[in-house]
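>>> kindly generate the corresponding structure for this input.
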Amino acid sequence: MKKIFTLLSFIFVINTGSYAQRSGGDNYVREHFTKQEVYIIMRDGTKLFTAIYTPIDATANKKYPMLMQRTCYSVAPYGPDRYPGRLGPSEIMMHDGYIFVYQDVRGRWKSEGTWTNMTPELDEHKTKKNIDESTDTYDTIDWLVKNVNNNNGRIGQYGTSYPGFYTAAGILSNHPALKASSPQAPISDFFFDDFHHNGAFLESYIFTFPTFGVQKKDTTSKAWYNDPAINIKPTSRDGYQFLLDQGPLTNFNQWYKDNFFYQETLNHPNYDAFWQARSLPKHFKKVTPAVMLVGGWYDAEDLTGPLAIHRAIEKSDPNAYNTIVMGPFGHGRWGRETGHTLHSNVYFGDSIATFYQKNIEAKFFHHFLKGSGDKNSGLPNAYMYNTGSKKWQTFDKWPSLAAKHQKLYLGINGKLSFSRLSKASSASFISDPAKPVPYTEDNTTTEGFTPHNYMSEDQRFAGRRTDVLVFQSDVLKDDMTLGGEIISHLKVATTGSDADWIVKLIDVYPGDEPNHLYMPHNNIILANYWQMVRSEIMPGRFRNSFEKPEAFIPGKKTDVNFRLQDVLHTFKKGHRIMIQIQSTAFPLWARNPQKFVANPYKAGAGDYIKAKHTVYSDSYIDVQVLNN
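Predicted structure coming up:
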């Protein structure tokens, strides 16, 4: 079996949209750019390795702006005579005329210093020892504008996924030369994105901890985290069964007892000071550079980040240039063109990534780094792709002021309706942690870095189980567009003392829906397809506070409210709207013991119990409806 982290290294390169790591291809970069490798000294004396690619025709009379990416995933190829196959966020921008800058962040690869995940942002930087990613960004930009020949004094920053976090943190540097910033799929808070959702741990990430939890011993161009001694050794390609057989999370200590990030995760099950320090949105106050957040509606890693940061900036600095783009993509997939744009089995059209790269991304950076740089960029506040009507839409504000809140009630006999039924009812199911609901039918995705496809997968396999509740509307007589936030308001009870609650919003296709021409799987039919539109998990222990978890009182009716993240999706005439509710989705989410314990990550095998969960008919899903 191929080592999992050889695959992971490849995934990182693809998904971040960074082409500095790729070598090979034609000689365009070598023929059109000169390369310089330098160490830039930070205010505390730490040296960060930086690669600079300058167009060969740059002169004092022909100056270029700089585009920078700071990354924990390596700026390879290393060596002044080694060139990558591509530069920048896209080939379009590689040809547009920029000086491209790539930097290994503190503690990674050829840079000095100590690595930490989601470096806490400091409110004050009184001494040279008060460092974070905003100060490292400031010091880097300051050196670049003063020392790189033939730059025009303007710099932009971009990056996807973890580099998106560094881009978002870089906004806080407030360096006057930073004119444009595009955090793409940025992690904004580790308790609500990536490794956790609402504090629920993604066991599907279990194979990634060596990448993030092992310190390198010296500056290096080799992947030190590939050591077999610190990596999990799967005995089956069936990740569901392999991870189920491992039992409680503490059993992974056989591989991860010295993995600092895994131990930090196990020892901080609540939203305490450790996680709170790793939250970015609260730090955005006065925003100086123009900002363009970018995300994918089907981003299984970082859907929360771009929405949360956009929302934070809109609230804290309404006068900032702050735009958001959300496309029909999985994690980072807007960074490369696939021709026919699909996610899982759903086809959205052709060349959508190229449209974004040419008409949105390149336009944004050109305006602020080469053009007038005023707020009249020609881009809207929100450039959003409608995943149901399959077209781009623009908005002056997101969510749109035209969106009206409506309630979808979970009624008797699986009825989903915008009208609350007068007769009270409830529905129950037995949740057994020993037999959790699979999150997918595709076992090939259960041992990768992230489970990309599940966010639009067919949900018939789950809805036909007895431990999943299904609520379905009548056939729609007209198109209905949901655009904006979705908030779940559940009224529940359990015979246990703890439970997770998973809510899924689903588009049910009609029975005569034809397959499209580009179906990736011959055994899938779109007739009566139950397409996932949005889903989210909420640990019931956090229903009142993420800082102070509470047990359920067995049998007591209890409110559990939580956000499912935004959507822009038209449910077409002839379709139905469906809500599914369940308590497990394994191995995407670690199993809840269903017995309240102080630290569920350290629960023993005996703590996992069966429980009967009940959902009452006064539960509802608050959606925002746009007029068509």
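
>>> can you pull out the strands in the stretch 51-200 of the chain?
64-71, 99-104, 151-160, 178-184, 196-197, 200-201 (DSSP state E, counting those that start in this stretch).

>>> where's the last one relative to the chain centroid, distance-wise?
Spelled out, that is strand 200-201. Relative to its chain's centre, strand 200-201 lies at 14 Å (Cα atoms, centre = their mean, to the nearest Å).

>>> redo the strands of the stretch 51-200 of the chain as a markdown table? Include distance to residue 51, mean pLDDT and mean neighbour count.
No exception for glycine: its C-beta is placed from N, CA and C like everyone else's. Converted to a markdown table, the strands of the stretch 51-200 of the chain look like this (distance: least, Cβ to Cβ, whole Å; pLDDT from 0 to 100; neighbours: other Cβ atoms under 10 Å):
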| stretch | distance to residue 51 | mean pLDDT | mean neighbour count |
| --- | --- | --- | --- |
| strand 64-71 | 10 | 98 | 25 |
| strand 99-104 | 5 | 98 | 27 |
| strand 151-160 | 15 | 98 | 25 |
| strand 178-184 | 19 | 98 | 27 |
| strand 196-197 | 33 | 97 | 23 |
| strand 200-201 | 36 | 98 | 24 |
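
>>> of these, which is nearest residue 436?
When these are compared by Cβ to Cβ, strand 200-201 sits nearest residue 436, at 13.1 Å.

>>> quick one: strands adjacent to that closest one?
Looking at strand 200-201 with DSSP bridges, its partner strands are strand 196-197 (antiparallel).

>>> contact partners for the residue lying closest to residue 165 once chain neighbours are set aside?
When the adjacent residues along the chain are set aside, residue 165 lies closest to residue 187, with 4.5 Å between them (Cβ to Cβ, 6 or more residues apart in numbering). Neighbouring residues of residue 187 by Cβ atoms under 8 Å, 6 or more residues apart in numbering: 118, 161, 162, 164, 165, 193, 194, 302, 305.

>>> could you redo the last one with a cut-off of 10 Å?
Contacts for residue 187 (Cβ atoms under 10 Å, 6 or more residues apart in numbering) come out as 117-118, 161-162, 164-166, 168, 193-195, 278, 280, 301-302, 304-305, 308-309.

>>> where do the helices sit along this protein?
Here the chain has its helices, by DSSP state H, at 4-16, 28-32, 91-94, 133-147, 162-171, 209-213, 239-246, 253-256, 260-267, 273-276, 304-316, 352-356, 362-369, 460-463.

>>> would you turn the ones you listed into CSV with mean neighbour count, mean pLDDT and distance to residue 404?
Output for these, formatted as CSV (neighbours: other Cβ atoms under 10 Å; pLDDT from 0 to 100; distance: least, Cβ to Cβ, whole Å):
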stretch, mean neighbour count, mean pLDDT, distance to residue 404
helix 4-16, 19, 38, 36
helix 28-32, 16, 97, 51
helix 91-94, 19, 97, 38
helix 133-147, 20, 98, 39
helix 162-171, 28, 98, 31
helix 209-213, 22, 97, 42
helix 239-246, 18, 94, 41
helix 253-256, 16, 96, 48
helix 260-267, 18, 98, 40
helix 273-276, 16, 98, 34
helix 304-316, 22, 98, 19
helix 352-356, 20, 98, 29
helix 362-369, 22, 98, 31
helix 460-463, 17, 98, 28
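
>>> and residue 392, which of those helices is closest to it?
helix 352-356 (7.7 Å).

>>> surely residue 439 touches residue 591?
No. Contact criterion Cβ atoms under 10 Å: residue 439 and residue 591 do not qualify, at 11.7 Å.

>>> overlap in contacts, those two.
Between them, residue 439 and residue 591 share the contacting residues 584, 585, judged by Cβ under 10 Å, 6+ apart.
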